[in-house]
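Colleague: My questions concern the predicted model and sequence given below.
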Amino acid sequence: MIVLDPAPAAAAVAEFGQTGYAVIRTAPLSDAVLDSFNNMPRDEHSKSRHRRIRLSQYLAYCEQGQWIYALLPRRRYVQSAEYIRLAEAGGVARHREQLEIDPSELITSVLEQMPVDRARQYHINVNQIRVIVDDEFKGVTVPEGPHRDGHEFSVVGVAKRANVVGGETQIMLPHDHTPLFYHTLAENEAVVIDDERFVHYATNIESRDGKPGYRDIWVIEINRWENRCYGPLHDARALG
């Protein structure tokens, strides 16, 4: 079981309460987890860029101070076109293979630094993504531009950066995209965002020396279970 220093965790919760976002440190990743980024399928819904991706979805609850995660049956991944204004993604039932590793320590390290009610159950999506830049493809991180994910909380974390520059995370006001926050996340660093208040974006990555490079990231989406973005009712609303 992961044990976090309570002082930084409390500081992150306080910062989030004041601003609606907070930068946190995430659990160090094992070699097996880092290596798993090398074995991810191509995103077949995004042929104009080189992105590899997996997704697993969980029911989470806390019992006697310990977070428990139940892997949910695999479904097509659906985000409403209300939030994702990109033809290949918004309102599209996308295929995702599940993670090959257990992200429990990662999720716990995030939840312990968030203002979540431990008496509630949660729906959690864990997206594992590699964005690649090379001679053929630009390192487009967010083709849909500044956006909401359509969840209560969005968490963007970096696992590894290899031979790249750029990839600056930005948080903005939704009505006019006034910038509030800029930060290039380091490895094992993440930003927790109130997805109902703000839109977010990340700049493209570029090769540091002209050779191929990549940025390995996590996108973790969190909702109270009663507001889950999972199942036939959610899919019908998002596809409608």
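Modeller: The structure has been received and is ready for your questions.
Colleague: what residue ranges in the chain score low on pLDDT?
Modeller: Applying pLDDT under 70 to the chain picks out residues 1-5, 47-48, 79-93.
Colleague: switch the cut-off to 80
Modeller: 1-7, 44-49, 78-94, 142-145, 240 (pLDDT under 80).
Colleague: quick one, helices of it?
Modeller: For the chain, helices defined by DSSP state H occupy the ranges 6-19, 31-36, 104-111, 232-239.
Colleague: phi, psi of residue 115?
Modeller: Backbone geometry at residue 115, expressed as degrees, to the nearest 10, gives phi -80, psi 60.
Colleague: For the spatially closest residue to it that is not a sequence neighbour, which residues are in contact?
Modeller: Using C-beta to C-beta, 6 or more residues apart in numbering and skipping residues adjacent in sequence, the residue nearest residue 115 is residue 13, 5.1 Å away. For every residue, glycine as well, the C-beta is placed using N, CA and C. Shown in contact with residue 13 (C-beta atoms under 8 Å, 6 or more residues apart in numbering): 22, 113, 114, 115.
Colleague: who wins for most neighbours among those residues?
Modeller: When neighbours are counted by other C-beta atoms under 10 Å, residue 113 leads the contacts of residue 13 with 25 neighbours.
Colleague: ok, that one touching residue 24?
Modeller: Yes - assessed by C-beta atoms under 8 Å, residue 113 is found in contact with residue 24 at 4.5 Å.
Colleague: what's the overlap in contacts for these two?
Modeller: Applying C-beta under 8 Å, 6+ apart, one finds that residue 113 and residue 24 are jointly contacted by 8, 12, 192.
Colleague: quick one: which of the residues you listed is nearest residue 56?
Modeller: residue 192 (19.4 Å; C-beta to C-beta).
Colleague: Run through the bridge partners of the closest one.
Modeller: residue 22, residue 155 (DSSP bridges).
Colleague: Not counting its neighbours along the chain, what's nearest residue 159?
Modeller: Closest to residue 159 by C-beta to C-beta, 6+ apart is residue 216, at 4.1 Å.
Colleague: And the one you found, how far from residue 52?
Modeller: Distance, residue 216 to residue 52, using C-beta to C-beta, to the nearest Å: 9 Å.
Colleague: do the same with residue 159
Modeller: Distance from residue 159 to residue 52, by C-beta to C-beta: 13 Å.
Colleague: Name the residue in the two with the higher neighbour count.
Modeller: Neighbour count, other C-beta under 10 Å: between residue 159 and residue 52, residue 159 has more, with 22 against 19.
Colleague: is it true that the more buried one touches residue 185?
Modeller: No - using C-beta under 8 Å as the test, residue 159 is too far from residue 185 to be in contact (10.0 Å).
Colleague: In TSV, list the helices of the chain along with distance to residue 43.
Modeller: Formatted as TSV, the helices of the chain follow (distance: least, C-beta to C-beta, whole Å):
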stretch	distance to residue 43
helix 6-19	30
helix 31-36	16
helix 104-111	21
helix 232-239	19
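Colleague: Deepest in the core, which of those helices is it.
Modeller: Most buried of the helices of the chain, by mean neighbour count (mean count of other C-beta atoms under 10 Å): helix 104-111, with a mean of 22.
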